[in-house]
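S.K.: pasting the sequence and the predicted coordinates here, then a few questions.
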Amino acid sequence: MANALRVFPCPNCRETINSTMLQCAFCSSPIDPATALVAADELSVVNQACSDASYLKIMATTMAVFFIARFLPFIAGVGNIGFCGLLFFIPAYAARWWFKFGRLPSTDPEYLSARKTVPWVGIGICMLAVIMILLFFWLVGHGLNRS
């Protein structure tokens, strides 16, 4: 992966440039190669955090689709499996995201937005899981008392 193209924002003009450049193509500012590699590594981690947060949002949306599919003939089983799987997977993925990326020292606006969104998605889905489990036990308990 040493030959892979790596980019970072120019320290002077903030335009994205190649980490092998010795001078910014936009503002002609000199670039220190060691600093460029560090900045490229940081940008790579921030991009991965934003990508993972995007996956989390997609999973939450997919969970709603699976919930609706639970009530459709012929695909109710798939809807149940997908909904229940995501009900437990999303909070785990959100916790993983938070421990891996939650304290990055970045001011990237997309990262800051993800940092606010991920805990709410994880907590919200976790609360939904707890409510559904409690509702299940409540229904089972009341169903057994009527017999």
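M.R.: Looks like it arrived, so ask away.
S.K.: middle-most residue in this protein, spatially?
M.R.: Note on the chain: the residue nearest the mean C-alpha position is Ala53, at 1.7 Å, using C-alpha atoms, centre = their mean.
S.K.: ok, and the closest non-adjacent residue to that one?
M.R.: Excluding its sequence neighbours, the residue lying closest to Ala53 (C-beta to C-beta, 6 or more residues apart in numbering) is Ala114, at 3.4 Å. In this view, the C-beta of every residue, glycine as well, is placed from N, C-alpha and C.
S.K.: from the structure, what's the count of residues near the one you found?
M.R.: Each residue near Ala114 was counted by other C-beta atoms under 10 Å, and the total is 24.
S.K.: isn't there a helix covering it?
M.R.: Yes. Ala114 forms part of a helix when assessed by DSSP: H, G, I helix; E, B strand; the rest coil.
S.K.: that one touches Ser51, doesn't it?
M.R.: No. Judged on C-beta atoms under 8 Å, Ala114 makes no contact with Ser51 at a distance of 9.3 Å.
S.K.: my read is the residue nearest to the centre of the chain is in a helix, agree?
M.R.: Yes. Going by three-state DSSP, the assignment for Ala53 places it inside a helix.
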